[in-house]
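Enquirer: Pasting the sequence and the predicted coordinates here, then a few questions.
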Amino acid sequence: MALSRPGPGTPAAPAPHTEEDAIATHAGRCEEAPLGCPCRGDERIHEERTRALAEARAGSGEAVECPECGGPTTPLAIVSWGNCRACRTAHSRSTHPLRW
């Protein structure tokens, strides 16, 4: 059985993976790093953030004031992002405008 070469309509074999293709994993970072954990392996910082998130989730029924616009938001939004959803969206639109 002879091997045939791919024709013009046949997709070529996938290119080999390079280091640029790899998902970045940094030594010392926790599993919550993609979710915004700033600990970089420091157990004390990680515990403080975990405690703050747990307290914010426990108080999710109450509204707090957004430090940027003064509007009502949840404590979890403030702990996680630092502002309300409207402020996050406005910031996102100013740095990455929609392209229609």
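Expert: Perfect, I can see it now. All figures in this text were calculated on a predicted structure; none of them were measured in a lab. Numbers count the residues shown, from 1 in each chain.
Enquirer: remind me, longest helix of this protein?
Expert: Taking DSSP state H as the criterion, the chain has its longest helix at helix 43-58.
Enquirer: May I have that one as CSV, with CA atoms only?
Expert: Extracted in CSV, the C-alpha atoms of helix 43-58 (Å, rounded to 0.1, in the frame of the first residue of the first chain):
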residue,chain,number,x,y,z
GLU,A,43,-0.6,31.5,52.0
ARG,A,44,-1.4,34.5,54.2
ILE,A,45,-2.7,36.6,51.3
HIS,A,46,-4.6,33.6,50.0
GLU,A,47,-6.3,32.9,53.3
GLU,A,48,-7.3,36.6,53.7
ARG,A,49,-8.8,36.7,50.2
THR,A,50,-10.7,33.4,50.8
ARG,A,51,-12.0,34.8,54.1
ALA,A,52,-13.1,38.1,52.4
LEU,A,53,-14.9,36.2,49.7
ALA,A,54,-16.7,33.9,52.2
GLU,A,55,-17.9,37.0,54.1
ALA,A,56,-19.0,38.7,50.9
ARG,A,57,-20.9,35.6,49.8
ALA,A,58,-22.6,35.4,53.3
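Enquirer: got the contact list for that helix?
Expert: With contact meaning Cβ atoms under 8 Å, 6 or more residues apart in numbering, helix 43-58 is reached by 30, 32, 37-39, 74-76, 78-80. To be clear about C-beta, it is placed using only N, CA and C from the backbone, and glycine gets the same treatment.
Enquirer: Just the buried residues from these, in PyMOL please.
Expert: The PyMOL selection below is limited to those of the contacts of helix 43-58 classed as buried (16 or more other Cβ atoms under 10 Å):
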select buried, resi 30+37+39+74+75+76+78+79+80
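Enquirer: Neighbours of the closest residue in space to residue 38 that isn't next to it in sequence, how many?
Expert: For residue 38, ignoring the flanking residues on the chain, the nearest one in space by Cβ to Cβ, 6 or more residues apart in numbering is residue 45 at 6.4 Å. With neighbours defined by other Cβ atoms under 10 Å, the count for residue 45 comes to 14.
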